[in-house]
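Asker: next comes the sequence, and after it the predicted model I'd like to discuss.
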Amino acid sequence: MNIYLAALMLVLAQPALAWDFSPTPICTLTDAGSHTDVKLTYDGQLYALALPHADGWPSEPVFSIRFAPLGPYISTSNHKVEGNTLTVSDTGFGNVLTGLQINQTAQIILGDMVREIDLTGARAPVDAFRRCEPSVPMS
């Protein structure tokens with residue numbers, strides 16, 4: 001076998017890292033490597049987490065994220081479901097960012113529904129997101 005072909009096959013066999021960070025136009029962290037997509041943004045004042053899923057979400061009073069195996073477990077009633085997207089926003093997301101960086105999975109819990117997000121490859125993009133300063137001035 002040609003050495004170049006063997007090298008190409010080795011590269012193609014490697015799993016693609018789904019987590020991605022972009023600093024423009026606002027700080028954005030995304031993942032499309034699980035059945036539930038993740039989009040986390042920061043505009044300099046507000047963090048917003050959007051979790052679109054093709055099957056939608058039930059309407060429940062409490063939204064939780066359980067990070068495994070090291071935690072934390074976070075719950076809030078400050079969320080909304082619009083169409084197929086679950087969203088939550090707040091001025092601080094430190095526990096969420098820590099959970100994304102130090103764990104293997106995140107379980108999204110809404111009532112009896114539990115959906116899992118693979119955190120493989122999240123550490124470096126989350127670190128870049130933490131250091132991001134939005135380039136778009138707030139109005």
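Answerer: Arrived safely, thanks for sending. Numbers count the residues shown, from 1 in each chain.

Asker: burial measure for residue 106, as a count.
Answerer: 25 (other Cβ atoms under 10 Å). To be clear about C-beta, it is placed using only N, CA and C from the backbone, and glycine gets the same treatment.

Asker: swap that for residue 122, sorry
Answerer: Neighbour number of residue 122 under other Cβ under 10 Å is 27.

Asker: same deal with the one 5 residues further on?
Answerer: Residue 127 has 14 neighbouring residues, counting by other Cβ under 10 Å.

Asker: give me the pLDDT for it.
Answerer: As summarised for this prediction, residue 127 has a pLDDT of 97.

Asker: so where do the helices sit in this structure?
Answerer: 3-13, 94-102, 123-131 (DSSP state H).

Asker: near the residue nearest to residue 93 when sequence neighbours are not counted, how many other residues are there?
Answerer: Leaving aside its sequence neighbours, residue 93 sits nearest to residue 47 (Cβ to Cβ, 6 or more residues apart in numbering; 4.0 Å). Residue 47: 20 surrounding residues under other Cβ under 10 Å.

Asker: show me the shaky parts of the protein.
Answerer: 1-17, 136-139 (pLDDT under 70).

Asker: let me see the ranges of the strands in it.
Answerer: 20-22, 27-31, 38-42, 47-52, 63-68, 73-76, 79-82, 85-90, 105-110, 113-118 (DSSP state E).

Asker: just the ones you listed: most buried one?
Answerer: Stretch with highest mean neighbour count among the strands of the chain: strand 27-31 (a mean of 22; mean count of other Cβ atoms under 10 Å).
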